[in-house]
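Asker: Let me see the structure of the following:
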Amino acid sequence: MSKKIRVAIAGLGNCASALIQGLEYYKNADENDYVPGIMHVKFGDYHISDVEVVAAFEVSTLKIGKDISEAIWESPNCCAKFSDVPKKGVEVLPGPIKDGVAPHMMESFNCYNSAEIQPADVAKILVETETDVLVNFLPVGSEEASKVYAQAALDANVAFANGIPAFIASDSEWAQKFTEKNIPVAGDDIKSQLGATILHRLLVTLAHERGIKMDETFQLNIGGNTDFENMKKEYRLATKRVSKTEAVTSMIPYEVPTRIGPSDYVPFLKDEKICYLWLKGKNFGEQPIKVQLKLSVQDSPNSAGVMIDVIRSLKIAKDRGIGGPLIGVSSYFFKHPPKQIHDAEAVQLVEKFIKGEISN
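Answerer: Numbering: from 1, shown residues only. Just a heads-up that it's a prediction; the model follows:
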């Protein structure tokens, strides 16, 4: 069992910036302290400091060729700076474009010219860098590009953490591929630590368990980072709507009219995400009840601590010879897992997984 967890990242945007900063920020965290922002300082045998980034793939000409410590500050990244990151000696490589860049995002992403720059052989790089886990942080809507990276992980015997709503872990065919090769996979679409989805799930679960009959609910999100700019086009967020909607509606046993998902791009908000939640229902005597809630959070750091736990989960699975989708881990940490499980139960499955009491 290797003490270090060697990680490659596909897409060096705001989420990657928060993750890389966080690895530096928490590297000396005391596992006996309650540390804000981290669910597990030590996850099984692995401390946060055991996670190291060894490879990164990007399409931006402003990032390719630079050390990851420099590239995470390049435009259009706008993640808040909360940690200095020393030079890591890891050069950002050109990744395959495929559908990873929508036509309206070519300028914002400073996408390279494929006639002048050839993408790196992802599987080859993963093998050469002895990568343990490949994290997918591509833009929403990158269906084909995500599959290219997932296949590279399979070819290189590398675990796959799918942070976006391109269905890999929750797709039966892809799940079978990882199972057959005995390679662990977790996904799909990362849940933030305390974000719109987890809050909405808890709200509807509480209402249902307290006997409220829900009539309708919505979740509207606005933000100013490139994630929201990318999702200005409805076709880019089709799977995102499915992922976020099913994450909420799976908590109640009857159909409820819903509207859930990104609503608008407001550039001056930068990495701030604002969510508006609405729930209307009936309580005792069929009397009306309404809940209106607003959440404001820095979007990218909100998911970084979650991904650190996902990475360590996948490494533990590799150490134990476990392949295929990690069911409890995926359900607790992702919006669209292979199996939706209530969060109170899913967190217990994660703790049992850490202790080795269950296999996945």
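
Asker: Kindly indicate whether residue 152 is helix, strand or coil.
Answerer: Under DSSP: H, G, I helix; E, B strand; the rest coil, the three-state class of residue 152 is helix.

Asker: For the nearest residue to residue 146 once chain neighbours are set aside, pull up the helix or strand it's in.
Answerer: Leaving out its chain neighbours, the residue that sits closest to residue 146 by CB to CB, 6 or more residues apart in numbering is residue 166, at 3.7 Å. Any C-beta I mention is one placed from the backbone N, CA and C, and that applies to glycine too. Using DSSP states H and E, residue 166 is not contained in any helix or strand.

Asker: For residue 166, grab the count of nearby residues.
Answerer: Per other CB atoms under 10 Å, the neighbour tally for residue 166 reads 30.

Asker: Please shift the residue numbers so they start at 92 in all later answers.
Answerer: That works, and once the first residue is 92, the last one we named lands at residue 257.

Asker: what's the pLDDT at residue 93?
Answerer: Note on residue 93: pLDDT of 59.

Asker: Residue 204 too?
Answerer: Residue 204 carries a pLDDT value of 94.

Asker: distance of it from residue 113?
Answerer: 33 Å (CB to CB, to the nearest Å).

Asker: Give me the more crowded residue out of the two.
Answerer: Of the pair residue 204 and residue 113, residue 113 is the one with more neighbours under other CB under 10 Å, namely 22 against 7.

Asker: ok, for the more buried one, nearest residue in space, not its chain neighbours?
Answerer: Counting by CB to CB, 6+ apart, the nearest residue to residue 113 once its immediate chain neighbours are dropped is residue 395, at 4.6 Å.

Asker: same deal with residue 355?
Answerer: Nearest non-adjacent residue to residue 355, counting by CB to CB, 6+ apart: residue 313, 4.7 Å away.

Asker: Same question for residue 342.
Answerer: Spatial nearest neighbour of residue 342, excluding adjacent residues (CB to CB, 6+ apart): residue 296 at 4.7 Å.

Asker: Who are the contact partners of that neighbour?
Answerer: Taking CB atoms under 8 Å, 6 or more residues apart in numbering, we find residue 296 in contact with 342, 343, 433, 434.

Asker: For residue 125, see how far away the second one is.
Answerer: By that I understand residue 343. 33 Å.

Asker: These two: which is more packed in?
Answerer: Between residue 343 and residue 125, counting by other CB under 10 Å, residue 343 is the more crowded of the two (18 against 7).

Asker: For residue 295, see how far away that one is.
Answerer: For residue 343, the distance to residue 295 - CB to CB - is 6 Å.

Asker: what sits in contact with each of these two?
Answerer: Shared contacts of residue 343 and residue 295 (CB under 8 Å, 6+ apart): residue 305.

Asker: In the stretch 92-241 of the chain, where is pLDDT below threshold?
Answerer: Under the criterion pLDDT under 70, the flagged ranges of the stretch 92-241 of the chain are 92-93.

Asker: Recalculate using a threshold of 90.
Answerer: 92-94, 123-130, 205 (pLDDT under 90).

Asker: Now do the SS call for residue 311.
Answerer: Secondary structure for residue 311, judged by three-state DSSP, is strand.

Asker: what bridges to it?
Answerer: Under the criterion DSSP bridges, residue 311 forms beta bridges with residue 352, residue 367.

Asker: need the contact list for it.
Answerer: Residue 311 makes contacts with 350, 352, 354, 366, 367, as judged by CB under 8 Å, 6+ apart.

Asker: let's see 10 Å
Answerer: Applying CB atoms under 10 Å, 6 or more residues apart in numbering to residue 311 gives the contacts 287, 350, 351, 352, 353, 354, 355, 365, 366, 367, 368, 369.

Asker: If anything else comes up later, I'll come back, but that's it for now.
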